[in-house]
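Q: need a 3D model of the sequence below.
(2 chains)
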Amino acid sequence: MTQVAADVASYLKRRARWSPLEIAFWVFAFASIWLFPQKHLILTETAILALFALSLDLILGYAGIISLGQAAFFGLAGYFSGLVAKYGIINDPVLALICSGLVAALLGFVTSFLVLRGSDLTRLMVTLGVSLMLGEVANRYSSLTGGADGLQGVTIAPIFGRFAFDIYGHTAYVYCLVVLFICFLIARRIVYSPFGLSLRAVKGNALRAAAVAIPVNGRLVAIYTVSAFFAGIAGALLTQTTAFCSLDVLSLNRSADLLLVLIIGGTGYLYGGLIGAVIYKFMQDWIASLTPQYWQFWIGFMLVLIVLVGRERISGWNEALRTFLVQLASRVLGRKPALSAAAPDRG
Amino acid sequence: MPILETRELAKRFGGIMAAADVTLSVEKGARHALIGPNGAGKTTVINLLSGVLKPTAGRIFLEGRDITALDPHQRVRLGMARTFQINQLFLDLTPLESIGLAVAERLGAGADWWRRVGSRAMVTDEIADIVERFRLGDVMYERTAILPYGKQRLLEIALAFACRPRVLLLDEPAAGVPEAERYELLATIASLPADVTVLLIEHDMDLVFSFADRISVLVNGALFVEGAPADVARDPRVKAVYLGEELDG
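A: Presented below is the predicted three-dimensional model:
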């Protein structure tokens, strides 16, 4: 192998290396199990929202597909996991979780062909349309779904037959956090693979991507399906941890909140959805404690502010902050930065 | 048998015939130039050949195989790659990553979703080869968006070359390249391997006549004259419609 080839290989691999900052993030996330035991209920919701936002980031941040219909996958899997538990079809929660994800992935695969062509606006409308249709179907078949009253009588068996869900959300939080972490690892693996790189190429320039033999549509179908799987896992987690599922899981609000989370956290670096979910949930909690009735006013206010200041500038802040933190961390730990976009050394 | 052939290829945009009955054949190993005044339909022909546009009528054959209905990426896999007149690059990626995409795709590693980028020596070795051949080593870690224009033009060709085409379609490779960076580009084009068949669209007559061994002239979407460079240069009809004074001088 020549020197240049060795440089090329090490440069390409460098991006996928874990940075100290990432490790710190996950250490802190798992430490929260012991650090904030009284906050487990909201942390559970946060972990679910984070996973849901991660699913949108995979298509929006990496493949450039904007969607207002992620709730379709979330809700379908939510109902599926509720129904299989209620009627005792799949009693093991982990197996039910995976099956729910696969059902959502199937819907994702089928509907992915609708988002292949067209502008952002077309995609917004098509994805919105699919989730509206699904919401109405759930409403219509209320004998099965419980309609406006929600799906009652769901009982979730203990995980692995040992860990029962409790009212404080301890089991639920650990369960959700572990599932989030596993899904994150898979997503991370995907985005740092040649497949993931080709998604960024498709997002950047689909015309050229096809001209270097990348099957653009095939790649979009694949990532849309994976994204639907993750969204489905998130939806199933919500049903399993609350033992309840209502029409709200399919609502437009849910998809719109998700965009908001990603706008707060930023897209295209995997942590945007996670960080955005933490900020969103805790801000919501904090504002709601100040003004229980009007908290949405402040959420709306912030949304306007963020959009006016501009996504570009915020992602610029993110970038600057990240670079700063990575450099800081690498100085403290005496390691080379891996996550940063800064120029690598020339060997 | 010609390596690339079109039969009565036509493309209509509304009322405008952008290409009309273009029957073209490019011999294996040729350096074939397609020239013509602005708006003659040269880029339309390239877009039809590469599959970006679907023809209104007519057929395209690559090595005897009818590829008219194939998608762009399938044509690349069969051995025909192109460059673009206006840069179509991955601005947020580095040249190294961009070339890597093309190489990985050709070696069947592009859909690999569980392996890390850069972990296959077969791919990285070839990336290194191409980076060196196109003299992109000094900028290979930079974001493509900030490269000098001449380097971007080189990367245009490098990306097509990384697909290891047997037929290479170059759409005005020297367009807009400043004089200082021009030599490097022309030298790179001249040093393309002889077994790669090249179909070149170009406005720069110096480049066309120094490079091509066969020239087709396109006027108003239709083939007008075809022949060896010397014959085309002498042809009075070509002089009249297009070359005129440029060649007299």
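Q: residue B:21 and residue B:6 touch, don't they?
A: No: taking contacts as Cβ atoms under 8 Å, residue B:21 lies outside contact range of residue B:6: 9.6 Å. C-betas here are computed from N, CA, C, even on glycine.
Q: those two: which is more packed in?
A: Each of residue B:21 and residue B:6 has its neighbours counted (other Cβ atoms under 10 Å in any protein chain shown); residue B:6 has more, 24 against 15.
Q: so what's that one bridging to?
A: Residue B:6 has these beta-bridge partners by DSSP bridges: residue B:60.
Q: what residues are up against it?
A: B:22-25, B:45, B:48-49, B:58-61 (Cβ atoms under 8 Å, 6 or more residues apart in numbering or on different chains).
Q: please apply the same query to residue B:35.
A: Contacts for residue B:35 (Cβ under 8 Å, 6+ apart) come out as B:42, B:201-203, B:205, B:208, B:215-218, B:242.
Q: what does residue A:291 give?
A: So residue A:291 contacts A:297-298 (Cβ under 8 Å, 6+ apart).
Q: how about the residues of the stretch 51-200 of chain A by chain B?
A: Residues of the stretch 51-200 of chain A lying close to chain B (Cβ under 8 Å from any Cβ of the partner chain) are A:189-190, A:192-198, A:200.
Q: try it again at 7 Å.
A: Listed as neighbours of chain B in the stretch 51-200 of chain A under the rule Cβ under 7 Å from any Cβ of the partner chain: A:189-190, A:192-195, A:197-198, A:200.
Q: tell me the residues of the stretch 201-347 of chain A that contact chain B?
A: Residues of the stretch 201-347 of chain A found near chain B (Cβ under 7 Å from any Cβ) are A:201, A:204-205, A:207-208, A:210-216, A:343-344.
Q: now restrict these to buried residues only.
A: Among those, the ones that count as buried by 16 or more other Cβ atoms under 10 Å in any protein chain shown are A:201, A:204-205, A:208, A:210-216, A:344.
Q: which two in those residues are spaced the farthest apart?
A: A:215 and A:344 (30.2 Å; Cβ to Cβ).
Q: for the stretch 1-150 of chain A, what spans make up the helices?
A: Under the criterion DSSP state H, counting those that start in this stretch, the stretch 1-150 of chain A contains helices at A:3-14, A:20-35, A:40-60, A:70-86, A:93-112, A:120-140, A:142-145.
Q: and these, which is most packed in?
A: helix A:70-86 (a mean of 29; mean count of other Cβ atoms under 10 Å in any protein chain shown).
Q: what does that helix rub up against?
A: A:52, A:55-56, A:90, A:96-97, A:100-101, A:103-104, A:107-108, A:130-131, A:134, A:138, A:145, A:151, A:153-156, A:228, A:231-236, A:238-240, A:245, A:249-251, A:254-255, A:258 (Cβ atoms under 7 Å, 6 or more residues apart in numbering or on different chains).
Q: phi, psi for residue B:20 please.
A: Residue B:20 adopts backbone torsions of phi -130, psi 120, taken as degrees, to the nearest 10.
Q: how many neighbouring residues does the residue nearest to residue A:204 when sequence neighbours are not counted have?
A: In space, not counting the residues next to it along the chain, residue A:204 is nearest to residue B:90; the distance is 4.4 Å by Cβ to Cβ, 6 or more residues apart in numbering or on different chains. Using other Cβ under 10 Å, residue B:90 is surrounded by 25 other residues.
Q: next one: residue B:188
A: Residues near residue B:188, counting by other Cβ under 10 Å: 18.
Q: give the contact list for it.
A: If you count contacts by Cβ under 7 Å, 6+ apart, residue B:188 has them with B:134, B:154, B:157.
Q: list the buried residues for the strand or helix carrying it?
A: Taking DSSP states H and E as the criterion, residue B:188 maps to helix B:179-190. Within helix B:179-190, the residues that count as buried by 16+ other Cβ under 10 Å are B:181, B:184-186, B:188-189.
Q: and which of those is nearest residue A:45?
A: When those are ranked by distance to residue A:45 (Cβ to Cβ), residue B:181 comes first, at 56.6 Å.
Q: so what's the closest one closest to, chain neighbours aside?
A: residue B:150 (2.8 Å).
Q: so how far is residue B:112 from the closest residue to chain A within chain B?
A: Residue of chain B nearest chain A, by Cβ to the nearest Cβ: residue B:118 (2.6 Å). Per Cβ to Cβ, to the nearest Å, residue B:118 is found 11 Å from residue B:112.
Q: average pLDDT for stretch B:178-190, rounded please.
A: Stretch B:178-190 carries an average pLDDT of 88.
Q: so how far is it from its chain's centroid?
A: Distance of stretch B:178-190 from the chain centroid (Cα atoms, centre = their mean, to the nearest Å) equals 16 Å.
Q: all strands for chain B, in order.
A: With DSSP state E as the criterion, chain B has strands at B:4-13, B:16-22, B:25-26, B:31-35, B:57-62, B:65-66, B:80-82, B:167-171, B:197-201, B:214-219, B:222-227.
Q: just the CA trace of the first one, in CSV.
A: I take that to be strand B:4-13. Output in CSV follows, covering the C-alpha atoms of strand B:4-13 (Å, rounded to 0.1, in the frame of the first residue of the first chain):
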residue,chain,number,x,y,z
LEU,B,4,-21.6,3.8,-29.1
GLU,B,5,-24.3,4.3,-31.6
THR,B,6,-27.5,6.3,-31.9
ARG,B,7,-30.3,5.8,-34.4
GLU,B,8,-32.5,8.6,-35.3
LEU,B,9,-32.4,10.0,-31.9
ALA,B,10,-34.8,12.9,-31.3
LYS,B,11,-35.8,15.1,-28.4
ARG,B,12,-38.6,17.6,-28.5
PHE,B,13,-39.2,20.2,-25.8
